[in-house]
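*Asks:* Here is a sequence together with a model predicted from it:
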Amino acid sequence: MTTDFLVIGGGIAGLSAGARLAELGRVTLLERETALGYHASGRSAALYEAQYGLPATIALNIASGDAHRNGGYLSPRGLMLVAGPDEGEAFRAEAAAMHLDPLDMNQATAMIPILNPATVGFAGYHEGAWDIDTDRMLQDCAKAIRAHGGQALTGQEVTAIRRTDNGWAVETPNGTHEARTLVNAAGAWADTVAQMAGVAPLGIVPHRRSMARLPAPGGHDLRAWPMLLGLNETWYAKPDAGKLLVSPAEEHAVEPHDAWADDMVLAEGLARYEAMVTEPVTRLETSWAGLRSFAPDRTLVLGLDPTAPGFVWCAGQGGYGFQTAPAAAQLLADLVGGRQPALDADVVRALTPDRLR
Ligand SMILES: Cc1cc2nc3c(=O)[nH]c(=O)nc-3n(C[C@H](O)[C@H](O)[C@H](O)COP(=O)(O)OP(=O)(O)OC[C@H]3O[C@@H](n4cnc5c(N)ncnc54)[C@H](O)[C@@H]3O)c2cc1C
């Protein structure tokens, strides 16, 4: 089957790029698993925090804000950073970088009553962090692709890729797809897909991050609690539908695979969280892990490969794939469509695959 744009990967990267590209031509998106958003995109903490990431990521976060708000994807969460009594210097530096206001202990425990005054010496807060309705984002992108006459197909593993006179041909067990433009949005498998196409990899490395879901600590109503972050991102906790998600926030480099939580890493992370609160962790309801995939400079890779005509990278989303998606997808469509991107030229340069060649 011939189409204008072939997108490999049915996570938020491929779906959001596909939704924008569908405005320019016919999109066929191919996802290996039987459901969209099965890998990293189904396992995130679903937070929008504009100040999280390196400068080009922050630029994408900020440029994505209106689309998130206008789409109704955000609901208020807020973010609180806590640190031990002997960590004042590091706390002040991190709080300043994240634009947090200092809180005294009364203010902090008014927001999160289980904070332990004996171990929490410093707290800072801002309300500028939101929950993202990630499921709806994924579904809305798939709908947008279909509304423009395209397809988002599951159960379609790409097993071989070759160049043709007009672009690219992609093999799946169910047949061949051809297009002028191929978008590599394969998440942890982005380098694998590039190699399949005979394109040199960029050094995109998946890093595992685990997560546990706990019953509401002390039976509290968690709805209004902000996300709680340990100093230097050594753990975090976030309310989620009446439960508490706690992550050890590890970054362990791994081969691409269907990730699962590491019990020891999880236990150590839960202990770091537990040290800052008065309620012990008595039970885990469930745990999982996902892969956050980073380019060597930890910045997304968006644009045409300078060595392979029609081969587009939409990869390296790291821990920012949802919050950056609207602006990242727009940039990709602008570059592929030959339009002047709305983002600053230095941001576009920081994101281009050329920087890694
Ligand atoms: C624990 C955790 C917490 C996170 N928290 C946040 C957060 O709060 N906010 C935020 O913005 N981001 C967060 N992230 C990051 C975010 O989840 C990712 O950046 C994003 O999901 C990456 O999307 P993706 O589409 O690139 O990858 P994926 O969702 O992994 O999608 C890639 C897809 O490509 C498919 N694929 C690969 N190879 C092939 C092939 N050969 N043929 C067909 N299909 C193929 C895979 O099956 C996969 O479904 C978090 C991630 C984790 C793990």
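*Replies:* Cool, the structure landed.
*Asks:* for the ligand, what are the nearby residues on this protein?
*Replies:* Residues of the chain found near the ligand (C-beta under 6 Å from any ligand atom) are 8-14, 30-33, 38-41, 43-47, 157-158, 185-189, 193, 209, 211, 247, 290, 292, 317-323. Quick note: C-beta positions are derived from backbone N, CA and C, even for glycine.
*Asks:* ok, and the closest non-adjacent residue to residue 36?
*Replies:* residue 10 (4.2 Å; C-beta to C-beta, 6 or more residues apart in numbering).
*Asks:* how close does the one you found sit to residue 134?
*Replies:* Noted for residue 10: a distance of 14 Å to residue 134, by C-beta to C-beta, to the nearest Å.
*Asks:* more neighbours, those two?
*Replies:* residue 10 (30 against 21; other C-beta atoms under 10 Å).
*Asks:* The more buried one contacts residue 34, doesn't it?
*Replies:* No. With contact defined as C-beta atoms under 8 Å, residue 10 does not count as touching residue 34 (10.2 Å).
*Asks:* what do these two both touch?
*Replies:* Listed as contacting both residue 10 and residue 34 by C-beta atoms under 8 Å, 6 or more residues apart in numbering are residue 154.
*Asks:* Going by residue numbers, what spans are strands in the stretch 101-250 of the chain?
*Replies:* 101-103, 122-126, 129-132, 151-153, 160-163, 168-172, 175-184, 205-214, 227-230, 236-240, 243-247 (DSSP state E, counting those that start in this stretch).
*Asks:* Other residues contacting the second one?
*Replies:* Translated: strand 122-126. Residues outside strand 122-126 that contact it (C-beta under 8 Å, 6+ apart) are 78-85, 87-88, 91-92, 95, 98-105, 107-108, 111, 115, 226.
*Asks:* Rebuild the strands of the stretch 101-250 of the chain as JSON lines, extending it with mean pLDDT.
*Replies:* Listed next are the strands of the stretch 101-250 of the chain as JSON lines, based on pLDDT from 0 to 100:
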{"stretch": "strand 101-103", "mean pLDDT": "97"}
{"stretch": "strand 122-126", "mean pLDDT": "98"}
{"stretch": "strand 129-132", "mean pLDDT": "98"}
{"stretch": "strand 151-153", "mean pLDDT": "98"}
{"stretch": "strand 160-163", "mean pLDDT": "98"}
{"stretch": "strand 168-172", "mean pLDDT": "98"}
{"stretch": "strand 175-184", "mean pLDDT": "97"}
{"stretch": "strand 205-214", "mean pLDDT": "98"}
{"stretch": "strand 227-230", "mean pLDDT": "98"}
{"stretch": "strand 236-240", "mean pLDDT": "98"}
{"stretch": "strand 243-247", "mean pLDDT": "98"}
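*Asks:* which residues in the stretch 201-350 of the chain form helices?
*Replies:* Per DSSP state H, counting those that start in this stretch, the stretch 201-350 of the chain carries helices over the ranges 263-274, 321-336, 345-351.
*Asks:* most packed of those helices?
*Replies:* helix 321-336 (a mean of 25; mean count of other C-beta atoms under 10 Å).
*Asks:* And that helix, what does it pack against?
*Replies:* helix 12-21, strand 47-49, helix 55-70, helix 134-147, strand 301-304, strand 311-315, helix 345-351 (3 or more C-beta pairs under 8 Å, 6 or more residues apart in numbering; DSSP states H and E).
*Asks:* Got the domain ranges for this protein?
*Replies:* Following automatic domain parsing, the chain resolves into domains at 2-46+134-203+296-356, 79-126+205-291.
*Asks:* Could you point out which of the ones you listed sits nearest residue 73?
*Replies:* Among the domains of the chain, domain 2-46+134-203+296-356 comes nearest to residue 73, with 5.6 Å by C-beta to C-beta.
*Asks:* Show me how far the closest one is from its chain's centre.
*Replies:* Centroid separation between domain 2-46+134-203+296-356 and its chain, computed with C-alpha atoms, centre = their mean, to the nearest Å, is 14 Å.
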